[in-house]
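Peer 1: build me a model from this:
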Amino acid sequence: MRIYILIFIFYIVSLTHGFSQVFYDLNYEGQAQLFSGKESPFWMHTNSRGRVDEKTHFSGLLSYKATIDFEGERKAEFGLGSFFKDGYEDGFKLDEAYFSYSSPKVGIVLGKKQRKDLFQNLSASNENILWSLNASPLPGIRFFTTDPLFIKGDHGLGFMVSLEEYIMDDDRFIEDTRLHHKSGHIVYRSKNDFQISLGGQHFVQWAGYSEEFGELPGSFEAYTRIFTGMASENEIAGGEEANALGNQIGSYEIKLQTKIRDVDFQFLYNHIFEDASGMKGGNFPDGRYAVYFEDNRDTFWGSSWLKALMYEFYYTKNQSRSRVSSEVDGADNYFNNNLYRSGWTYRNQVIGVPFILLNEDNRFRIGTNILTVHHLGLKGKAFDEFPYRFLLSYRKNYGVKDSFFAETREVFSTLLELELINTDYILKAQLGADIKSYENSNFGIGINFSKNIF
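Peer 2: Below you'll find the model as predicted:
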């Protein structure tokens with residue numbers, strides 16, 4: 001509650017200063033869908049920013065945003081949004097409530113704000129294998145660079161950083177869990193639009209209250225330890241935090257991007273780790289491998305059918321099982337944790353790449369995290385008239401640590417979204433399907449309606 005009061009104060013203060021223009025937006029978006037199975041096909045609920053779940057038939061979102069443009073390419077925003085949904089949980093939910101300020105180089109967000117879609121909703125994990133668009137945004141504070149800070153000029157060697165602190169305010173095994181996140185990247189940009197960045201992401205779930213162990217370390221001294229990845233000086237929670245204080249996960253990243261004749265090319269690699277062995281590469285080749293093309297010309301190779309393409313390959317079968325020491329301390333168990341048993345989830349939805357699945361029985365813990373996935377996303381305009389988005393994923397699910405499936409579960413998941421009307425409102429039709437090797441296939445249809453009210 002305090003942070004939302006702070007947001008409101010910042011908003012009022014911003015209105016008292018000189019600015020050039022103020023823009024107001026009020027938008028409505030509604031979604032309705034029917035499906036043949038108990039749950040909707042994978043891509044009809046996945047990466048929906050927490051606004052729908054596997055059993056949602058209807059959802060409606062109302063969002064408001066005020067944008068204040070200042071001189072020098074600076075702007076402030078105040079956003080507020082709420083939605084209604086049925087499904088596993090019925091009722092009204094808070095979607096966003098935030099104040100943000102950004103300049104050409106740095107930005108800050110206070111509150112609960114949806115993250116930017118980086119790949120036209122074609123990627124399965126968007127920014128990183130650990131942080132997709134699958135779950136609702138968390139309330140907190142975020143400092144970040146909006147563009148590389150170069151040592152000299154606007155090219156050459158530079159860096160990007162972020163620091164974020166959140167409260168996981170959902171119903172969890174460890175109540176009032178906090179989430180720390182930071183990232184750092186070294187960037188090289190040439191004069192001819194070639195850029196390469198190397199760096200990493202670091203997340204820690206820490207503090208909170210355990211019914212079994214009581215209050216977990218949440219002091220400033222504990223914060224310095226989770227910040228640096230150190231273990232506690234004393235035994236915490238029966239020794240569950242021997243390796244490092246809190247539930248620590250991270251990712252190394254390599255990103256190459258360039259532009260050739262107004263066509264953007266990107267190559268991405270994310271290496272995932274959850275302990276020291278993963279940090280040393282003991283779980284290689286686990287991670288995300290991706291390529292992305294986006295065409296900003298009138299036509300792509302003489303046609304408007306294809307304007308953007310993304311291919312991603314996910315591999316999580318190693319999980320440090322090949323290490324000799326794993327015979328003693330066990331292999332990794334991605335997105336699960338023995339102490340923070342709700343794992344890498346928020347409001348019963350996976351925060352990271354959504355191919356890692358919740359337990360089917362109670363949606364409490366991670367039930368599938370050993371997998372390989374080929375994912376393809378396409379976007380363009382059919383017959384020069386109907387914009388479309390097409391997703392196709394083929395995955396093999398092998399189970400989870402100490403609980404492998406008797407037979408590998410193979411799944412084809414697909415979605416075709418076609419924009420039918422774009423006048424005073426936008427109307428899209430959706431067709432989705434899951435073709436499975438281990439149970440009946442599932443099919444779904446849906447419509448999406450959105451309108452800018454003012």
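Peer 1: quick one: low-confidence parts of this structure?
Peer 2: Along the chain, the model assigns pLDDT under 70 to residues 1-20, 233-243, 298-302, 322-330.
Peer 1: what's in contact with stretch 261-270?
Peer 2: Contact with stretch 261-270 is made by 125, 128-130, 251-259, 287-297, 300, as judged by Cβ atoms under 8 Å, 6 or more residues apart in numbering. Placement of C-beta: from N, CA and C, glycine included.
Peer 1: surely Arg74 meets Ser102?
Peer 2: Yes. Using Cβ atoms under 8 Å, Arg74 is in contact with Ser102, at 7.0 Å.
Peer 1: how close does the residue nearest to the spatial centre of the chain sit to Tyr24?
Peer 2: The centroid of the chain falls nearest to Ser132 when counting by Cα atoms, centre = their mean (1.6 Å). Distance of Ser132 to Tyr24, given as Cβ to Cβ, to the nearest Å: 30 Å.
Peer 1: residue contacts, Gln33?
Peer 2: Gln33 neighbours (Cβ under 8 Å, 6+ apart): Ser40, Met44, Thr56, His57, Phe58, Gln430, Gly444, Ile445, Gly446, Ile447.
Peer 1: run the last query once more with 10 Å
Peer 2: 40-41, 44-45, 52, 56-59, 430, 432, 444-448 (Cβ atoms under 10 Å, 6 or more residues apart in numbering).
Peer 1: make a PyMOL selection of the buried ones in the residues you listed.
Peer 2: To isolate the buried ones among the contacts of Gln33 in PyMOL, judged by 16 or more other Cβ atoms under 10 Å, type:
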select buried, resi 40+41+44+45+52+56+59+430+432+444+446+448
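Peer 1: got the CA positions of the longest strand along the chain in PDB?
Peer 2: Assignment by DSSP state E gives strand 403-422 as the longest strand of the chain. Only the C-alpha atoms of strand 403-422 are listed here, as PDB (Å, rounded to 0.1, in the frame of the first residue of the first chain):
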ATOM      1  CA  SER A 403      10.200 -38.100 -11.100                       C
ATOM      2  CA  PHE A 404      10.800 -38.900 -14.800                       C
ATOM      3  CA  PHE A 405       7.800 -39.600 -17.000                       C
ATOM      4  CA  ALA A 406       7.500 -43.300 -17.900                       C
ATOM      5  CA  GLU A 407       7.400 -42.300 -21.600                       C
ATOM      6  CA  THR A 408       8.600 -39.000 -23.100                       C
ATOM      7  CA  ARG A 409       5.700 -36.700 -23.600                       C
ATOM      8  CA  GLU A 410       5.700 -35.100 -27.100                       C
ATOM      9  CA  VAL A 411       3.500 -32.000 -27.800                       C
ATOM     10  CA  PHE A 412       2.900 -29.800 -30.800                       C
ATOM     11  CA  SER A 413       1.400 -26.500 -29.700                       C
ATOM     12  CA  THR A 414       0.200 -24.000 -32.200                       C
ATOM     13  CA  LEU A 415      -1.700 -20.700 -32.400                       C
ATOM     14  CA  LEU A 416      -3.000 -18.600 -35.400                       C
ATOM     15  CA  GLU A 417      -4.200 -15.100 -34.600                       C
ATOM     16  CA  LEU A 418      -5.700 -13.200 -37.500                       C
ATOM     17  CA  GLU A 419      -6.700  -9.500 -37.300                       C
ATOM     18  CA  LEU A 420     -10.100  -9.200 -39.000                       C
ATOM     19  CA  ILE A 421     -11.100  -5.600 -38.300                       C
ATOM     20  CA  ASN A 422      -9.000  -2.500 -37.600                       C
END
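Peer 1: quick check: Lys396 touching Val373?
Peer 2: Yes. Look at Lys396 against Val373 with Cβ atoms under 10 Å: they come within range, at 7.7 Å.
Peer 1: overlap in contacts of these two?
Peer 2: Val411.
Peer 1: neighbour count winner among those two?
Peer 2: The neighbour count for Lys396 versus Val373, taken as other Cβ atoms under 10 Å, is higher for Val373 (21 against 16).
Peer 1: before we move on, the earlier item: of the contacts of stretch 261-270, keep whichever come out buried.
Peer 2: For those, a neighbour count by 16+ other Cβ under 10 Å gives the buried set as 125, 128-130, 251-253, 255, 257, 287-290, 292, 294-295, 300.
Peer 1: give me the subset of those lying in strands.
Peer 2: Going by DSSP E, the strands hold Ser251, Tyr252, Glu253, Lys255, Gln257, Gly287, Arg288, Tyr289, Ala290, Tyr292, Glu294, Asp295 from those.
Peer 1: would you quantify the distance from Thr368 to Thr414?
Peer 2: Distance from Thr368 to Thr414, by Cβ to Cβ: 19 Å.
Peer 1: the more surrounded of those two?
Peer 2: Taking neighbours as other Cβ under 10 Å, Thr368 and Thr414 compare with Thr368 leading, 21 against 18.
Peer 1: was I right to think that one contacts Asn333?
Peer 2: No. Thr368 is not in contact with Asn333 according to Cβ under 10 Å; the separation is 11.5 Å.
Peer 1: with adjacent residues omitted, what lies nearest to Pro285?
Peer 2: Closest residue to Pro285 apart from its sequence neighbours, by Cβ to Cβ, 6 or more residues apart in numbering: Tyr315 at 5.7 Å.
Peer 1: bridging residues for that neighbour?
Peer 2: Gly287, Thr372 (DSSP bridges).
Peer 1: so what's it up against?
Peer 2: Ile272, Asn283, Phe284, Pro285, Asp286, Gly287, Arg288, Tyr289, Ile370, Leu371, Thr372, Val373.
Peer 1: got it, and Ile421?
Peer 2: By Cβ under 10 Å, 6+ apart, Ile421 lies in contact with Phe386, Leu427, Lys428, Ala429, Phe449.
Peer 1: backbone phi and psi for Asn336, please?
Peer 2: Backbone torsions of Asn336, given as degrees, to the nearest 10, read phi -110, psi 160.
Peer 1: for Phe364, see how far away it is.
Peer 2: Relative to Phe364, and taking Cβ to Cβ, Asn336 is found at 11 Å.
Peer 1: cool, and Ala66?
Peer 2: Distance from Ala66 to Phe364, by Cβ to Cβ: 39 Å.
Peer 1: who has more neighbours, those two?
Peer 2: Ala66 (18 against 15).
Peer 1: which non-adjacent residue is nearest that one?
Peer 2: Spatial nearest neighbour of Ala66, excluding adjacent residues (Cβ to Cβ, 6+ apart): Phe78 at 4.8 Å.
Peer 1: what strands line up against the helix or strand hosting that neighbour, and which way round?
Peer 2: Taking DSSP states H and E as the definition, Phe78 sits inside strand 74-85. Using DSSP bridges, strand 74-85 pairs in its sheet with strand 58-70 (antiparallel), strand 91-102 (antiparallel).
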